[in-house]
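> Task: produce atomic coordinates for the following.
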Amino acid sequence: MTIPPYTDAASHVVVGPTAASAPKSAAPPTGRILDRWLDRVAGRPRRVQLALDAAMVLVALLIVGQVAPPELLFHVIFVALVLHAFLFGLADTLWRIGIVSVALLGYEAAPQLGVPFQSMDLTEWPLMFVIAVLVAWMADRRATTARLYASLFRGASDRLLAVQEDERRRFARELHDGVGQTLTALTLALDATAAGRGRSEAGARLASARRLAEDALLETHDLAERLRPARLEQIGLAGAVRDLGGRVGLPVRVEIGPGASETGLLDPDAAAEVYRIVQEALANAARHSGAPLARVVLATRDGVLRVVVDDEGQGFDPADVRETGLGLAGMRERAALLGAHLRVESAPGRGTRIALEVPLTRSRGVS
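Predicted coordinates for the structure are as follows:
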């Protein structure tokens, strides 16, 4: 798997030694056919409505032309009405039912005006309209319930994120103010002792102890940074990701698309979660991929922040995720709490791509 250029990126920087980049293929996501079809409808509601209206108008013209039995064609219109009721609810369906009713009455009155239309039995049509109204009403109830549960889920997720961030902030502060300061004091004390001992054996041991204290201090700082990236609020997500690229143990090319470097795209807690997903993905690439280069892309489009972390390393089988220990479950949990979509694409020998799509905070109040 190779890393392709990202055409929307406005700037990029390679953190660490440079390496050649390269394309990548991806298998299309799978899912239930009905869910995927409904997602497409939700993304293009106006087009679907126009298609259904055009179909009903076309069938009405066929009825006027007496191309087929009128009762059969009117049943086709009824099916289109029920489908519209299911997809778009009661408000948009009622006036279409009214238009069809007027058309039916006009069709029945046409023979009295000398138009040779075939007669129809309309006794079942009131029942059909009632069915369409009931379907539309149930669709509205379903949509209302879905919105309610989505709102409750977002509220619970926000509260959970807030609690997690408060806890991480407290741990980071305790590590920095407690253990970190203790290790710093120990280092200074060892410095003073080593200076007094000269080059004796005791001085060498103290120097070794000082190096251990320095290592412990660095590890404590790194743990505090992982718990709560201290500079994230100051330099923003794009800047924090650039800084992160220099500390993961392999060259990282960071590409920032137009608008992705702006501050305030995500609220602080959401930005921290995105940062941790990128952090985990890069750590996995450094530890497991064997790749000469990793890439991180941040870009905004249509009210969504898209984050891609990929490499051209040895890859893995996502079906064996429990055996790999790559932290993918944690990344998926973070994405779910954000209301984001996370996609993992990998195969043995073909590299790995992790793509995250997060709704922008600022887009919630913008049409």
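
> And for Arg211, the neighbour number?
Arg211: 12 surrounding residues under other Cβ atoms under 10 Å. Placement of C-beta: from N, CA and C, glycine included.

> Let's verify it: helix, strand, or coil?
Under the three-state scheme (DSSP: H, G, I helix; E, B strand; the rest coil), Arg211 adopts helix.

> Ok, Ala355 next?
State at Ala355, reduced to three classes by three-state DSSP: strand.

> what's the pLDDT at it?
For Ala355, the pLDDT comes out at 95.

> Is it bridged to anything, and to what?
Here Ala355 sits in beta bridges with Val308, Arg343, going by DSSP bridges.

> what residues are up against it?
By Cβ atoms under 8 Å, 6 or more residues apart in numbering, Ala355 lies in contact with 306-308, 342-343, 345.

> what's the weakest-modelled helix or strand in this structure?
Using mean pLDDT, DSSP states H and E, the weakest-scoring helix or strand in the chain turns out to be helix 321-324, at a mean of 52.

> ok, then the element right after that one?
Using DSSP states H and E, the next helix or strand after helix 321-324 towards the C-terminus is helix 328-338.

> Show me how far that next one is from its chain's centre.
Averaging C-alpha positions (Cα atoms, centre = their mean, to the nearest Å) puts helix 328-338 10 Å from its chain's average.

> C-alpha coordinates for it, PDB please?
Only the C-alpha atoms of helix 328-338 are listed here, as PDB (Å, rounded to 0.1, in the frame of the first residue of the first chain):
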ATOM      1  CA  LEU A 328      -8.200   0.100  17.500                       C
ATOM      2  CA  ALA A 329     -11.100  -0.500  19.900                       C
ATOM      3  CA  GLY A 330     -10.100   2.500  22.000                       C
ATOM      4  CA  MET A 331     -10.000   4.700  18.800                       C
ATOM      5  CA  ARG A 332     -13.400   3.500  17.800                       C
ATOM      6  CA  GLU A 333     -14.800   4.300  21.300                       C
ATOM      7  CA  ARG A 334     -13.400   7.800  21.100                       C
ATOM      8  CA  ALA A 335     -14.800   8.300  17.600                       C
ATOM      9  CA  ALA A 336     -18.200   7.100  18.800                       C
ATOM     10  CA  LEU A 337     -18.200   9.500  21.700                       C
ATOM     11  CA  LEU A 338     -17.500  12.300  19.200                       C
END
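
> Which residues does it contact?
Here helix 328-338 makes contact (Cβ under 8 Å, 6+ apart) with 157, 160-161, 270, 273-274, 276-277, 280-281, 318, 321, 341-342, 344, 354, 356, 358.

> Select from these every entry located in helices.
Within the contacts of helix 328-338, residues falling in helices by DSSP state H are 157, 160-161, 270, 273-274, 276-277, 280-281, 321.

> Quick check on the residues you listed: which are buried?
Listed as buried from these are 157, 161, 270, 273-274, 276-277, 280-281, 321; burial here means 16 or more other Cβ atoms under 10 Å.

> ok, so of those residues, who is nearest Val252?
Nearest to Val252 out of these is Ala281 (Cβ to Cβ; 10.6 Å).

> who touches the residue nearest to the closest one when sequence neighbours are not counted in this structure?
The shortest distance from Ala281 to any non-neighbouring residue, by Cβ to Cβ, 6 or more residues apart in numbering, is to Val309 (3.9 Å). Val309 makes contact with 278, 281-282, 285, 294-296, 353-354, according to Cβ under 8 Å, 6+ apart.

> Compare those residues and tell me which has the most neighbours.
Greatest neighbour count in the contacts of Val309, by other Cβ under 10 Å, goes to Ala294: 30 neighbours.

> That one is in contact with Glu255, isn't it?
No - if you go by Cβ atoms under 8 Å, Ala294 and Glu255 don't touch, sitting 11.6 Å apart.

> Please identify the buried residues of stretch 328-341?
Neighbour-count burial for stretch 328-341 [16+ other Cβ under 10 Å]: 328, 331, 334-335, 337-338, 340.

> Would you agree Ala340 is in contact with Val307?
No - counting by Cβ under 8 Å, Val307 is not a contact partner of Ala340; they are 9.0 Å apart.

> Can you work out which residues contact both of these two?
Contacts common to Ala340 and Val307, judged by Cβ under 8 Å, 6+ apart, are 356-358.

> I'd like to know which of these is nearest to Leu52.
For those, the minimum distance to Leu52 (Cβ to Cβ) is 29.3 Å, reached by Glu357.

> The closest one: neighbour count?
Using other Cβ under 10 Å, Glu357 is surrounded by 17 other residues.

> does Gly303 really touch Pro359, like I thought?
Yes - assessed by Cβ under 8 Å, Gly303 is found in contact with Pro359 at 6.4 Å.

> Name the residue in those two with the higher neighbour count.
With neighbours defined as other Cβ under 10 Å, Gly303 and Pro359 compare such that Pro359 has more, 17 against 12.

> For Val157, give me its contacts.
Small correction: residue 157 is Ser, not Val. With Cβ under 8 Å, 6+ apart, Ser157 has these contacts: 336-339.

> Kindly reformat those as a markdown table and extend each row with distance to Glu124.
What follows is the contacts of Ser157, written out as a markdown table (distance: Cβ to Cβ, whole Å):
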| residue | distance to Glu124 |
| --- | --- |
| Ala336 | 47 |
| Leu337 | 51 |
| Leu338 | 50 |
| Gly339 | 45 |
